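In: 3D, please:
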Amino acid sequence: MPTNVKIIGLMFSAGIITLGACTSKKEKDNNVSNGPAIAVIVAAPSVAGESSIDASGQLQSSQTANISTRIMGYITRLNVNIGDHVRKGQVLGTISNDDILAKRGQTDAAITQAETAVKNAQKDYDRFQVLYKQQSASAKEVENVTMQYAAAKSALETARQMRNEANAMLNYTTLTAPFDGVVTQRSADPGSMANPGMPILTVERAGSFQVVASIPENGIGQVKQGQKAIVTIKASNRILHGNIAEISTSSQATGGQYLVKINIPENEKAGLFAGMYANVSIPVKQAANTENGNAVMVPLSAIEQKDELTGLYTVSANNTAVLRWVRLGKTYGDKVEVLSGLGKDERYILSADGKLYNGEPITIK
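Out: Residues are numbered from 1 along each chain as shown. Next up, the predicted model:
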């Protein structure tokens, strides 16, 4: 075969390979760029001595009441539905009370009978007192009449207390709102059997919210009551500033996590709803001193492990995720020192709403 033919054949093969590679690269780039952008939260590294405790939490109403009854009976009426606003003392529903009304009728009859007995006993008592003074009755007779009079008054008091008990039971058949709020749950319908202690309705105080967050045991010692906290609401991408109102001192029922309640200021509660998820950042002093006072610190949650390499995602000029390999140093609580690979003024991706890949399109919340 002539030499020039061989050269042309080699050039043709190389062109096909190059074209295939370009086509493959183009298709790969198109696959990355055409995908939906992943929403992310970016942050700047902190320096040693400036740290924070980061936790996840949820918005809850500052006051919640489960409305139930102490008696067993059929639910005869429910006047509210989920989302209804209620006022303190408003009647929300009723429980069947025919048996209690019958019992109260019996006690009313017993009271009438006892009152009559007391009147007769008092007349006998008064008469024998006069006879005793006239020496026409013995001391034993006066003593017997006095005991009968006391027994009659005791029977009257017993009947009255039985009526009080019946009235109290009747109160439990009427469900009322304990405070101004909103009905957030309805667990039964009219005709259902209400059992003692079974929640029928749930009422939450309207417009009064707290964030309940779980703090790990290695950070709870740095949290103090009244301390400032930064709350980021994921759903609306709002940043709120609150303060710590309550700190739980036990993690026995929360799996090693300590619950912290953060109050939200009144002027920042518009547009909030109970159940919304939140990110909480509590600024604290660095628990340990690093050898370099200007060390770059990032949360451990932002670190990616690939085999034996460690890295984190940064943001490119084209708003894509870029995996940056870094060298880590010592760990301080929930943060780790970055020795190289990330500058103190460079932004990194703190969290994302989906799985990140190198070159993945992103949108910053």
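In: so the residue nearest the centre of the chain, which of the three states?
Out: Closest residue to the average C-alpha location of the chain: Gln60 at 4.1 Å, with CA atoms, centre = their mean. Following DSSP: H, G, I helix; E, B strand; the rest coil, the label given to Gln60 is strand.
In: that one against Ala213, yeah?
Out: No. Between Gln60 and Ala213 there is no contact under CB atoms under 8 Å: 10.6 Å. All C-beta spots, glycine's among them, are computed from the backbone N, C-alpha and C.
In: show me the shaky parts of the protein.
Out: Under the criterion pLDDT under 70, the flagged ranges of the chain are 1-35, 47-51, 285-294, 332-334.
In: so what are the domain limits for it?
Out: Domains of the chain are assigned by automatic domain parsing as 34-49+286-365, 97-172.
In: ends of stretch 175-189, how far apart?
Out: Chord length of stretch 175-189, first to last residue, is 13 Å (CA to CA, to the nearest Å).
In: so what's the gap between it and the chain middle?
Out: Centroid separation for stretch 175-189 versus its chain: 17 Å, with CA atoms, centre = their mean, to the nearest Å.
In: what's the answer for stretch 337-353, then?
Out: When distances are taken as CA atoms, centre = their mean, stretch 337-353 is centred 32 Å away from the chain's centroid.
In: now swap in stretch 111-120 and tell me
Out: Here stretch 111-120 is found 57 Å from its chain centre; the criterion is CA atoms, centre = their mean.
In: picking up where we left off before, any chance of the domains of the chain in a markdown table, with distance to Ala188 and mean neighbour count too?
Out: Shown next, in a markdown table, are the domains of the chain (distance: least, CB to CB, whole Å; neighbours: other CB atoms under 10 Å):
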| stretch | distance to Ala188 | mean neighbour count |
| --- | --- | --- |
| domain 34-49+286-365 | 37 | 16 |
| domain 97-172 | 16 | 15 |
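In: and those: which comes nearest Gly226?
Out: Using CB to CB as the measure, domain 34-49+286-365 is the one of those that comes nearest Gly226, at 19.8 Å.
In: one step back: need the domains of the chain in a markdown table with distance to Gly197, can you?
Out: Formatted as a markdown table, the domains of the chain follow (distance: least, CB to CB, whole Å):
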| stretch | distance to Gly197 |
| --- | --- |
| domain 34-49+286-365 | 41 |
| domain 97-172 | 11 |
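In: to Gly256, which of those lies closest?
Out: Nearest to Gly256 among the domains of the chain is domain 34-49+286-365; the distance by CB to CB comes to 14.2 Å.
In: give me the phi and psi for the nearest residue to Asp345 once chain neighbours are set aside.
Out: Nearest residue to Asp345, sequence neighbours excluded (CB to CB, 6 or more residues apart in numbering): Ala44, at 7.0 Å. Note on Ala44: backbone dihedrals following degrees, to the nearest 10 are phi -100, psi 150.
In: ok, Ala44 touching Arg347?
Out: Yes. Counting by CB under 8 Å, Arg347 is a contact partner of Ala44 at 5.6 Å.
In: so which of the domains of the chain comes closest to Ile220?
Out: Judged by CB to CB, the one of the domains of the chain that comes nearest to Ile220 is domain 34-49+286-365, at 11.0 Å.
In: now that closest one, how far from the chain's geometric center?
Out: Relative to the chain's own centre, domain 34-49+286-365 is displaced by 30 Å; criterion: CA atoms, centre = their mean.
In: next one: stretch 132-142
Out: Chain-centre distance of stretch 132-142: 75 Å, with CA atoms, centre = their mean.
In: what's the first-to-last distance across that stretch?
Out: Stretch 132-142 has an end-to-end distance of 7 Å (CA to CA).
In: ok, and what's touching that stretch?
Out: Stretch 132-142 is touched from outside by Phe128, Gln129, Leu131, with contacts defined as CB atoms under 8 Å, 6 or more residues apart in numbering.
In: stretch 232-250 now?
Out: 41, 59, 210-211, 220, 223-231, 254, 258-265, 268, 271-272, 276-282, 365.
In: narrow the residues you listed to those that are buried.
Out: 59, 210-211, 220, 223, 227, 229-231, 258-264, 268, 272, 276, 278-282 (16 or more other CB atoms under 10 Å).
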